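Colleague: show me how the following folds:
(chains A and B)
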Amino acid sequence: MSTPSRVGEQPLVKWSLISIALFFVTILLIIPLLSIFQQAFASGLATYFDNLSEPDTLHAIGLTLIVALLTVPVNLVFGVMLAWAVTRFEFIGRKFLITLIDIPFAVSPVVAGLLYLLLYGSNGWIGEWLYEHDLQVMFAWPGIVLVTVFVTCPFVARELIPLMQQQGRSDEEAAVILGASWWQLFRRVTLPNIKWALIYGVILTNARAVGEFGAVAVVSGNIRGETNTLPLHVQLLYEDYQSEAAFASASLLAFIALLTLILKAFVEWRQERNHINEQDQQGEL
Amino acid sequence: MSGSHAVSRPKHQRVLPGFAISLGVSLLFISLILLLPATGLVMQTKGMSLSEYWYVISDPRLVASYKVTVGSAFAASLFNGVFGLLLAWILVRYQFPGKRILDALVDLPFALPTAVAGITLATLYSSTGWLGNLLESIGIKVAYTPLGIIVAMAFTSIPFVVRTVQPVLEEISQEEEEAGMTLGASDWAVFWRVIMPSLRPALLVGVALSFTRSLGEFGAVIFIAGNMPYVSEITSLMIFVRLQEFDFPAASAIASVVLLTSLSLLLIINLWQGAYLRRIHGK
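Modeller: Numbering: from 1, shown residues only, chains lettered A, B, ... in the order given. The predicted structure follows:
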């Protein structure tokens, strides 16, 4: 056997490191994931579906879907606009704008919720105006949508910016010089290039929108069957000692999380393949 | 951004459409969604005198929560520094069955809602849970202690270190490493002298991101923490407690401390990341 030329290639080192890593992965990730489903199905399928068809649970599922359906398109448009502005043009404060977009990642969700509560709640300056006009934002679905837009707004932009920066603007400039309208430009040149990153950004936005807890907990008012999203409903059931019902609802969120991971792996695989194809084409040229 | 372009096209002349609208929409959105909400906090805290503000943020129960939060976040991100590096290493360097699944699984903590992680960890590590039962037999109590907070914070921030170290590890040149190995240096020596220096900046950024996330974590922590005043209460929870008492000024004062801390951390991480990216790419 020849001596290994890279660090950590000896079988003993290699397999010990893999075993240690897998041991911790099992404890920290795999067991928790499995136990969600184990707890949810502890009394069998019939109880599981009974738990899920409780009116309050169904309402929470519906509200969560509505929040995601409203949040994702808003942040999709914003993400594309911001990425276009900061990667296709030079202007003063461009770097600062890219840093600003990271704020929601750094801010604690509870603080995010509080910021919105102070502004739109009854003693905030916008809240007072809303109150006079009999519009309720806090402790109602519009407030939940607003904070969800806040916490999820970086995802699409974060995926697009590095990719669009790396791709450069020459393809698009060529299209414009050849007379493409802005819609043709976007539809035929930009979109095909950023498609997978865009899908990936949407998946992440959706996952977070469905699962946000801290920020939503502050602004929802936790009115059972009215302003409870699925994660809040999970908390409510759990603290009510209805552990199995809590885990039944939690399992839905875990399904979405698993789906997110699978879609993400798929998108990455597609991106990798596109990348290899491009390199092949360049090689042929 | 080739030189010929810059010469043939003056800076103010833009070929691509949509500058005004894309920047306009972005700025409007950032102002309304990110910046406007901060005015509420400013107005709420402006009404307090300095001594009132200090009285609120130096309350002993709150100071205890700072210590618990910072200490646990520190321990959790330290753990993730080691564990994340190990995970990134085996994912980049080795081939083994199930590698793709493991790579996908690393992102589970980002994909799984924090409340779900919270109730799951609390159940698993309670004295009747699978892991809690096992650990209690050797005298370690996790649920409803600060150790539980560390476990929850470590869980939610695992992906940060792995995902910042992984791309750097992939790009490390083989040559220096091979040179060290052929010269007869031990694996350990080559790792510390050749690999670690290129890895260190990314590792530090990953640990810092993990720390920032842990400081703000709420959903995953509150279920397992037990939330005992002075022992296992995190600062985010204190904001929540003050809100439920309708003490908006106090909640705002605490939030301003948390907000300033996390924004400073964000700024430091960004400057730092910028500095080492420039060093790597020689820009």
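Colleague: tell me which element A:L259 is part of?
Modeller: helix A:243-284 (DSSP states H and E).
Colleague: quick one: average confidence on that helix?
Modeller: On average, the pLDDT along helix A:243-284 is 86.
Colleague: same check, this time on stretch A:165-180
Modeller: This predicted structure assigns stretch A:165-180 an average pLDDT of 89.
Colleague: between the two ends of it, how far is it?
Modeller: Length of stretch A:165-180, first residue to last, Cα to Cα, to the nearest Å: 21 Å.
Colleague: and the helix holding A:L259, does that touch chain B?
Modeller: Yes: judged by Cβ under 8 Å from any Cβ of the partner chain, helix A:243-284 comes into contact with chain B at A:243, A:246-247, A:250, A:253-254, A:256-258, A:260-262, A:264-265. (Each C-beta comes from the backbone N, C-alpha and C, glycine too.)
Colleague: which of these are buried?
Modeller: Among the residues of helix A:243-284 next to chain B, those that count as buried by neighbour count (16 or more other Cβ atoms under 10 Å in any protein chain shown) are A:243, A:246-247, A:250, A:253-254, A:256-258, A:260-261, A:264-265.
Colleague: measure A:A68 to A:I256 for me?
Modeller: If you measure A:A68 against A:I256 using Cβ to Cβ, to the nearest Å, the figure is 9 Å.
Colleague: returning to that earlier point: columns distance to B:S198 on top of the residues of helix A:243-284 next to chain B, output as JSON lines?
Modeller: As requested, the residues of helix A:243-284 next to chain B are exported to JSON lines (distance: Cβ to Cβ, whole Å):
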{"residue": "A:S243", "distance to B:S198": "48"}
{"residue": "A:A246", "distance to B:S198": "46"}
{"residue": "A:F247", "distance to B:S198": "44"}
{"residue": "A:A250", "distance to B:S198": "41"}
{"residue": "A:L253", "distance to B:S198": "39"}
{"residue": "A:A254", "distance to B:S198": "37"}
{"residue": "A:I256", "distance to B:S198": "38"}
{"residue": "A:A257", "distance to B:S198": "33"}
{"residue": "A:L258", "distance to B:S198": "35"}
{"residue": "A:T260", "distance to B:S198": "32"}
{"residue": "A:L261", "distance to B:S198": "29"}
{"residue": "A:I262", "distance to B:S198": "33"}
{"residue": "A:K264", "distance to B:S198": "27"}
{"residue": "A:A265", "distance to B:S198": "28"}
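Colleague: what do A:A68 and A:I256 both touch?
Modeller: Applying Cβ atoms under 8 Å, 6 or more residues apart in numbering or on different chains, one finds that A:A68 and A:I256 are jointly contacted by A:V210.
Colleague: buried ones in stretch A:70-80, by neighbour count?
Modeller: A:70-72, A:74-76, A:78-80.
Colleague: nope, stretch A:191-199 is what I was after
Modeller: Buried-residue list, stretch A:191-199, by 16+ other Cβ under 10 Å: A:194, A:196-199.
Colleague: quick one: which of those residues is nearest chain B?
Modeller: A:I194 (14.0 Å; Cβ to the nearest Cβ).
Colleague: quick check, pLDDT for that closest one.
Modeller: On the pLDDT scale, A:I194 is placed at 92.
Colleague: isn't it up against A:L163?
Modeller: Yes: the pair A:I194 and A:L163 qualifies as a contact (Cβ atoms under 8 Å) at a distance of 6.1 Å.
Colleague: can I assume B:F155 is in contact with A:I31?
Modeller: No: with the criterion set as Cβ under 8 Å, B:F155 and A:I31 do not qualify as a contacting pair; they are 11.2 Å apart.
Colleague: CA atoms of stretch A:262-274 as PDB?
Modeller: Taking Å, rounded to 0.1, in the frame of the first residue of the first chain, the C-alpha atoms of stretch A:262-274 are listed here in PDB:
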ATOM      1  CA  ILE A 262     -35.300  17.100  -0.700                       C
ATOM      2  CA  LEU A 263     -36.200  20.000  -3.000                       C
ATOM      3  CA  LYS A 264     -33.000  21.800  -2.000                       C
ATOM      4  CA  ALA A 265     -30.800  18.700  -2.700                       C
ATOM      5  CA  PHE A 266     -32.600  18.400  -6.100                       C
ATOM      6  CA  VAL A 267     -32.000  22.100  -7.000                       C
ATOM      7  CA  GLU A 268     -28.400  21.900  -6.000                       C
ATOM      8  CA  TRP A 269     -28.000  18.700  -8.100                       C
ATOM      9  CA  ARG A 270     -29.500  20.600 -11.100                       C
ATOM     10  CA  GLN A 271     -27.300  23.600 -10.600                       C
ATOM     11  CA  GLU A 272     -24.200  21.300 -10.500                       C
ATOM     12  CA  ARG A 273     -25.300  19.600 -13.700                       C
ATOM     13  CA  ASN A 274     -25.900  22.900 -15.400                       C
END
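Colleague: residues in contact with it?
Modeller: A:196-197, A:199-200, A:203-204, B:100, B:103-104, B:107, B:111.
Colleague: what are the buried residues along that stretch?
Modeller: Residues of stretch A:262-274 classed as buried: A:263-265, A:267, A:271 (neighbour count, 16+ other Cβ under 10 Å).
Colleague: closest to A:S53 out of those residues?
Modeller: Distance to A:S53 across the buried residues of stretch A:262-274 (Cβ to Cβ) is lowest for A:L263, with 27.1 Å.
Colleague: which residues of the chain score low on pLDDT?
Modeller: I'll assume chain A. Applying pLDDT under 70 to the predicted model, the residue ranges of chain A that meet it are A:1-4, A:281-285.
Colleague: wait, I meant chain B there
Modeller: Residue ranges of chain B with pLDDT under 70: B:1-13, B:279-283.
Colleague: neighbours around residue 38, how many?
Modeller: No chain specified, so I'll use chain A. Taking other Cβ atoms under 10 Å in any protein chain shown as the criterion, the count of residues near A:Q38 is 14.
Colleague: switch to chain B, please.
Modeller: For B:A38, the tally of surrounding residues (other Cβ under 10 Å) stands at 16.
Colleague: go on, A:S43?
Modeller: With neighbours defined by other Cβ under 10 Å, the count for A:S43 comes to 12.
Colleague: other residues contacting the helix or strand hosting A:A174?
Modeller: Element membership of A:A174 [criterion: DSSP H and E] is helix A:170-177. Contacts of helix A:170-177 from elsewhere in the structure, counted by Cβ under 8 Å, 6+ apart, are A:88, A:184-185, A:188-190, A:193, B:5, B:15-17.
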